[in-house]
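J.: Take a look and give me a structure for this.
(one chain, ligands or ions: 1)
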Amino acid sequence: MDKETLALHFGYNKDEQSTMAVPIYQTTAYEFKDADHAANLFALKELGNIYTRLTNPTTDVFEKRFAALEDGEAALATSSGMAAIFYAFANVAKAGENVVCASQAYGGTLTQAAHTLKRFGIEARFFDVHNTKDLQSKIDNNTKAIFFESLTNPSIDVADIDEIVKVADKHNIITICDNTVATAILCNPLKHGVDIVVHSTSKYTTGQGLALGGIIVERKNLNEKLKNNPLYPHFNEPDESYHGLVYTEVGLPAFTLRVRLSLLRDLGAAPSPFNSWLFIQGLETLPLRIEKHSKNAKKVAEFLASHPKVKKVNYPGLKTDKNYTNAQKYFKDGLSSGLLSFEVEDFETAKRVANSTKIFSIVVNIGDSKSIITHPASTTHQQLSEDELKACGVPSNLIRLSVGLESADDLIEDLKQAIEG
Ligand code: PLP
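T.: Numbering: from 1, shown residues only. Next comes the predicted model:
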């Protein structure tokens, strides 16, 4: 089935009421038929709902649909993108081990990796997403994950997924790819051999800035890689916290099973059923929206590239962009999503442009149907020095746009008056 059809139908078998919309199961817990039924569910002899921290029927539809769109085997939703990323790391690495992350990534992810994981005893090492030699040099016998974004926020680079997977496979290490910006519609890292995809569903999935959420998707047959892999003994040895369960012997996708039965159970960042329902609504129109976001962004990028007061434009959909080849290779029809950035004269000019737009809102979010403008140096990246800003691909004269669904002509007119004002 094509993605447009999956996005509307997959994972929902109409209930007894035959409701067209997926119902919201707004409940904390579920009644068991009797004590034996309860015991069987707890022992995984039967599968079913126990408590919404573990599973929920509305969230289940969202997870199944998202997994289908990513061409994955199973998915697990969380209460935020940051929780999904943390659970993905925590599911493979423990104190004394390390993970290797691309340095071109969302600031919150970099901070989680460098500071929070460190407090849990997990070291994060960083590599340049365009340099697999650099990646290779950071790997040792204790490396448990390679993390990168398919389309990076905010530096707007496109990873060469095949090259990163080649390095990971040489060492049998799990790869985790954040596919938030590219979306499951434009890019499917799992089809390129990535093991785990994560998303912040707070962005294009909800599409209207309505709810915070995250999701972890596991590729098909990942069990084969985990089974007897000496890097991941906890998938192959009895889990004392779950009656000696061996995750790779249950016959279910082991990665998401372990996140659910161990991390979600113990740490609890489960999504609310209402938010899962909002994400289902978002998915229904995602194929249409992301195409329009991409087309609008391309028009805006072309306008900016032709403007004499704009020094540089970063958008992988432009032939002149250094990421163009990767975008053509990995993104459907080369469509490059709605995120772009551009450089103006200096820090003060960038601030003035951000202040002068009328349709774009100054907001630290992306993927909303309404256009957003951000000046990272005066907001999200305020604490960094000029040199640090350059090192993470965010110079002080850089403006980031999340191009929305308004008329591209109106957006261009708005930017024109702001730049020339
Ligand atoms: N990944 C990317 C690429 C993001 O842009 C963000 C947030 O901006 C996150 C993850 C974190 O997601 P959330 O805000 O849902 O926790």
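
J.: For the stretch 301-421 of the chain, give me the ranges with low pLDDT.
T.: Residues of the stretch 301-421 of the chain meeting the criterion pLDDT under 70: 391.

J.: need the residues of it near the ligand, please.
T.: I366 (C-beta under 6 Å from any ligand atom). C-betas here are computed from N, CA, C, even on glycine.

J.: All the helices of the stretch 151-300 of the chain, residue numbers only.
T.: 161-171, 183-186, 222-226, 254-258, 265-267, 273-305 (DSSP state H, counting those that start in this stretch).

J.: Deepest in the core, which of those is it.
T.: Mean neighbour count (mean count of other C-beta atoms under 10 Å) peaks for helix 183-186 among the helices of the stretch 151-300 of the chain, with a mean of 28.

J.: just for the stretch 151-300 of the chain, where's the confidence low?
T.: Short version for the stretch 151-300 of the chain, where the test is pLDDT under 70: none.

J.: residue in it nearest to the ligand?
T.: Residue nearest to the ligand within the stretch 151-300 of the chain (C-beta to the nearest ligand atom): S200, separated by 3.0 Å.

J.: Pull the contacting residues for K191.
T.: D71 (C-beta atoms under 8 Å, 6 or more residues apart in numbering).

J.: Could you check how far it is from A67?
T.: Separation of K191 from A67 (C-beta to C-beta, to the nearest Å): 13 Å.

J.: what residues are up against the residue of the stretch 51-200 of the chain found nearest the ligand?
T.: Residue of the stretch 51-200 of the chain nearest the ligand, by C-beta to the nearest ligand atom: G81 (2.3 Å). Under the criterion of C-beta under 8 Å, 6+ apart, the neighbours of G81 are D178, T180, V198, H199, S200, T201, S202, K203, L212, G213, G214.

J.: Could you measure from the nearest residue to the fifth one once chain neighbours are set aside over to D162?
T.: Spelled out, it's S200. In space, and not counting its chain neighbours, S200 is closest to G81: 2.5 Å by C-beta to C-beta, 6 or more residues apart in numbering. Distance, G81 to D162, using C-beta to C-beta: 25 Å.

J.: same thing with K332?
T.: For K332, the distance to D162 - C-beta to C-beta - is 16 Å.

J.: And F255, by the same measure?
T.: Counting by C-beta to C-beta - F255 and D162 are separated by 21 Å.

J.: T109 too?
T.: From T109 over to D162 (counting by C-beta to C-beta), the distance is 22 Å.

J.: Max pairwise distance over the contacts of G81: which two?
T.: D178 and L212 (15.6 Å; C-beta to C-beta).

J.: More neighbours: which of the two?
T.: D178 (30 against 18; other C-beta atoms under 10 Å).

J.: Chain neighbours aside, what residue packs nearest to that one?
T.: Nearest non-adjacent residue to D178 (C-beta to C-beta, 6+ apart): E149, at 4.3 Å.

J.: Which pLDDT value belongs to that neighbour?
T.: The model reports E149 with a pLDDT of 98.

J.: My guess is it contacts Y106. True?
T.: Yes. Using C-beta atoms under 8 Å, E149 makes contact with Y106 at a distance of 7.0 Å.

J.: Disregarding residues adjacent in the polypeptide, which is nearest to the residue of the stretch 301-421 of the chain found nearest the ligand?
T.: Using C-beta to the nearest ligand atom, I366 is the residue of the stretch 301-421 of the chain that sits closest to the ligand, at 5.9 Å. Closest residue to I366 apart from its sequence neighbours, by C-beta to C-beta, 6+ apart: S402 at 4.0 Å.

J.: Then K203?
T.: Nearest to K203 is G367, by C-beta to C-beta, 6+ apart, at 3.0 Å.

J.: what's near enough to touch that neighbour?
T.: G367 neighbours (C-beta under 8 Å, 6+ apart): T180, V181, S202, K203, Y204, T205, T206, G207, G209, H293, G338, S402.

J.: L252 versus I399, what's the distance?
T.: I399 is 46 Å from L252, by C-beta to C-beta.

J.: Those two: who's more crowded?
T.: The neighbour comparison of I399 against L252 (other C-beta under 10 Å) goes to I399, with 26 against 17.

J.: tell me which element the more buried one falls in.
T.: strand 398-402 (DSSP states H and E).
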